[in-house]
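Novice: Could you look at this predicted model? Sequence included:
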Amino acid sequence: MLIYRGLSRISRISKKTSFGRRWLPSHPLLSGASHSAAAAAADSSVKVLGCREAYSWSLPALHGIRHQIHHQSSSVIEDTDSQEQLDPFSLVADELSILAKRLRSMVVAEVPKLASAAEYFFKMGVEGKRFRPTVLLLMATALNVRVPEPLHDGVEDALATELRTRQQCIAEITEMIHVASLLHDDVLDDADTRRGIGSLNFVMGNKLAVLAGDFLLSRACVALASLKNTEVVTLLATVVEHLVTGETMQMTTSSDQRCSMDYYMQKTYYKTASLISNSCKAIALLAGQTAEVAILAFDYGKNLGLAYQLIDDVLDFTGTSASLGKGSLSDIRHVIYLSLLFIASEIL
Amino acid sequence: MLIYRGLSRISRISKKTSFGRRWLPSHPLLSGASHSAAAAAADSSVKDTDSQEQLDPFSLVADELSILAKRLRSMVVAEVPKLASAAEYFFKMGVEGKRFRPTVLLLMATALNVRVPEPLHDGVEDALATELRTRQQCIAEITEMIHVASLLHDDVLDDADTRRGIGSLNFVMGNKLAVLAGDFLLSRACVALASLKNTEVVTLLATVVEHLVTGETMQMTTSSDQRCSMDYYMQKTYYKTASLISNSCKAIALLAGQTAEVAILAFDYGKNLGLAYQLIDDVLDFTGTSASLGKGSLSDIRHGIITAPILFAMEEFPQLRTVVEQGFEDSSNVDIALEYLGKSRGIQKTRELAVKHANLAAAAIDSLPENNDEDVTKSRRALLDLTHRVITRNK
């Protein structure tokens, strides 16, 4: 499997490199070169991308990529300057700070104990990898909603700003649902730690952890309602149902089910991929995209989530071994980035 | 107090009577007479037993409630069998509870002039009316799902063994499944809410969940000043008990396309009804089915939950506060507190406060826009009847 070969290469490559560009099968977006196997798909995908080039690539952040496409040569590989621009997390770092601030204000509660409990995992330093909001913000931009420039005037920018805010809201809601499920899961599993600190149930007791989870869910619902889009509300409410179903599937398997790959993939979809797939779809819907595009966004999120979990499963076995060196954040980031690009190349 | 004299009459009246009409202070909608003294009104209504059956609020909506119950059971079906059993645990026949909230909501829907559609009529008007009724029934179903979800989580939090006369879900299937089932019901409620395509309604009911959580947390984490504060207690009671019914009533009004003014009246009715209900609940925890103290389950005080009767008693006997601060793990403190309570007017004052809220609820119904439709009038009477029942019930 390509991923697997890639993985074994990771350990031999310096950590300073932006992995995605070194040894992945060529991808038009990255190197512009054409090779055999992926070539057919790559060629046709260039055409698909081509029709969007006119407006998509005007994004300041993607100027570097357009530069690469027009200079399809191996010089690309030596060109490390623009590689920093491809780090997905740094592309949205500023926006993520804004979101983090807003999230902290959204989970403020009247009762002090509840406030401490609710904001426990939104405090600086324990927000986690913020993988989901990163994906969602990138998706929003990828579906052609510009991060508004402060200098431009006019209605167009006001609308764009409003849309962006709504999509950021999806990212915030997704984080609230995610954290709510973590809080409840830790209660269910009697977990002691989470994100490097004590779990909430460990620090403040099960009761407060259950309540804080409920509180976050209700805040998520209120925020969802404010978007005034009932399809989006349905999508994300369904996610909560899926999270619960997935957790229950995990708890209550018969021995046949436990040995079934189909059951496992279904459970994995519910537990891990549903949140990100449905939020991606919600981003697309808010952007006024067609049902077709919305499904593509959904498919991206779903397959990314599944890939993530599968690698997670691998890491759970190989993590303590020196060959993969699990533990460092940047390793995980690079693995994710690898998976992301691989899946993207499969889909496009 | 009139009510108090009325209460002592209850025990002497045969249970077959519909309480609402016998001895309450006269209400224009009920007796049609305008008297100042309760006795005169009571005399005329005592003879009129025939029409009393029609006023039983629960029987007015009994058929609709069955439809709702069936639909609710289908709404909580889940793929995973264990989750399905857990989710439907409290929706099975026989353990649906008193179904007080759906009753109120269905009556409110009719009272706001939405006819239960007759099957024989044709026409667009009835189709629209049917659709509206279905949406309002959906509010009642959502309300029940939110209510049961909160019960499931509360029982986990309180380590409760029983609920509605059977084992609690956490006792029977474990905490994990109970927490998950609660989450599942909440998510189903959200999906159902979304289907109504009315974001104000979604906001109202999502806020209810937030209030339920806040109220529960307020109860868990009080400082000793807060515990002895009547304001704090009433705020907590609003969040824990009244918010759900008040906001659902408001949602019913909004779906019916009523004005903001009417929506607020509906809200006020629900809020005051809920508060009255809880205050009497507090009293019954002390008095049980007997008029005297100490025959109730005393579960509130044993769990360290300070309710209105004790709060009122503390106003008269500041020394009681010391006992309260010591806590009630020691059962001799419970006895001491009961003694103070008996000497004080705590029980009476709580009942008076309940009556005050019941009357506010009745006033809200009276302020609704006039409507001579027979069904509307019956429903409004039934809603008034409920305001009497909540303060006269003894279990």
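Specialist: It's in.
Novice: going forward, measure contacts and count neighbours with C-alpha atoms only.
Specialist: Will do.
Novice: Can you name every helix or strand that the longest helix seen in chain A contacts?
Specialist: When chain A is parsed with DSSP state H, its longest helix is helix A:155-189. If contacts are counted by 3 or more Cα pairs under 8 Å, 6 or more residues apart in numbering or on different chains; DSSP states H and E, helix A:155-189 sits against helix A:93-106, helix A:131-142, helix A:200-204, helix A:206-226, helix A:274-286, helix B:175-195.
Novice: Rebuild those helices as JSON lines, extending it with distance to residue B:166 and mean pLDDT.
Specialist: Listed next are the helices and strands packed on helix A:155-189 as JSON lines, based on distance: least, Cα to Cα, whole Å; pLDDT from 0 to 100:
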{"stretch": "helix A:93-106", "distance to residue B:166": "39", "mean pLDDT": "87"}
{"stretch": "helix A:131-142", "distance to residue B:166": "42", "mean pLDDT": "92"}
{"stretch": "helix A:200-204", "distance to residue B:166": "28", "mean pLDDT": "81"}
{"stretch": "helix A:206-226", "distance to residue B:166": "23", "mean pLDDT": "87"}
{"stretch": "helix A:274-286", "distance to residue B:166": "36", "mean pLDDT": "96"}
{"stretch": "helix B:175-195", "distance to residue B:166": "15", "mean pLDDT": "87"}
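Novice: Quick check: which of those helices is nearest to residue A:182?
Specialist: Nearest of the helices and strands packed on helix A:155-189 to residue A:182, taken as Cα to Cα: helix A:206-226 at 8.2 Å.
Novice: Show me what that closest one packs onto, helices and strands only.
Specialist: Counting by 3+ Cα pairs under 8 Å, 6+ apart, the packing neighbours recorded for helix A:206-226 are helix A:112-118, helix A:155-189, helix A:200-204, helix A:230-251, helix B:124-158, helix B:175-195, helix B:199-220.
Novice: Now do it and helix B:124-158, the angle between them.
Specialist: Interaxial angle, helix A:206-226 versus helix B:124-158 (axes from the mean of the first three to the mean of the last three Cα atoms, to 10 degrees): 160 degrees.
Novice: So what touches helix A:206-226?
Specialist: By Cα atoms under 8 Å, 6 or more residues apart in numbering or on different chains, the residues outside helix A:206-226 that reach it are A:106-107, A:114, A:117-118, A:169-170, A:173, A:176-177, A:179-181, A:183-184, A:187, A:200-201, A:232-233, A:237, B:153, B:157, B:179, B:183, B:190, B:199-200, B:202-203, B:206-207, B:209-210, B:213-214, B:217.
Novice: Spell out for me the ChimeraX command that would select the buried members of the residues you listed.
Specialist: One line in ChimeraX is enough to select the buried members of those, burial here meaning 16 or more other Cα atoms under 10 Å in any protein chain shown:
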select /A:106,107,114,117,118,169,170,173,176,177,179,180,181,183,184,187,200,201,232,233,237 /B:153,157,179,183,190,199,200,202,203,206,207,209,210,213,214,217
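Novice: Which positions in chain A make contact with chain B?
Specialist: Contact residues (Cα under 8 Å from any Cα of the partner chain) of chain A with chain B: A:110-111, A:113-114, A:184, A:188, A:206-208, A:210-212, A:214-215, A:218-219, A:221-222, A:225-226, A:228, A:230-231, A:233-234, A:237-238, A:240-241, A:244-245, A:248-249, A:252.
Novice: same thing but 6 Å
Specialist: A:188, A:207, A:211, A:215, A:218, A:221-222, A:225, A:228, A:230, A:233-234, A:237, A:240-241, A:244 (Cα under 6 Å from any Cα of the partner chain).
Novice: State the pair within these that is farthest apart.
Specialist: Within these, two members stand farthest from each other by Cα to Cα: A:188 and A:228, at 33.5 Å.
Novice: Now the residue nearest to residue A:113 when sequence neighbours are not counted: phi and psi?
Specialist: Spatial nearest neighbour of residue A:113, chain neighbours left out: residue B:221 (7.0 Å); criterion: Cα to Cα, 6 or more residues apart in numbering or on different chains. Note on residue B:221: its backbone torsions stand at phi -120, psi 40 [degrees, to the nearest 10].
Novice: Dump stretch A:181-195 to CSV, restricted to CA.
Specialist: Provided in CSV are the C-alpha atoms of stretch A:181-195 (Å, rounded to 0.1, in the frame of the first residue of the first chain):
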residue,chain,number,x,y,z
SER,A,181,-18.5,13.6,23.3
LEU,A,182,-15.0,13.4,24.7
LEU,A,183,-16.4,14.4,28.1
HIS,A,184,-19.1,11.8,28.1
ASP,A,185,-16.7,9.1,26.7
ASP,A,186,-14.2,9.8,29.5
VAL,A,187,-17.0,9.3,32.1
LEU,A,188,-18.1,6.1,30.4
ASP,A,189,-14.5,4.8,30.2
ASP,A,190,-13.4,6.1,33.6
ALA,A,191,-10.5,7.8,31.9
ASP,A,192,-8.0,9.6,34.0
THR,A,193,-6.3,11.8,31.5
ARG,A,194,-7.1,13.6,28.3
ARG,A,195,-5.0,15.9,26.2
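Novice: ok, residues contacting it?
Specialist: By Cα atoms under 6 Å, 6 or more residues apart in numbering or on different chains, the surrounding residues in contact with stretch A:181-195 are A:198-199, A:201-202, A:206, A:209-210, A:213, B:176.
Novice: Could you find which two of those residues are furthest from each other?
Specialist: A:198 and B:176 (20.1 Å).
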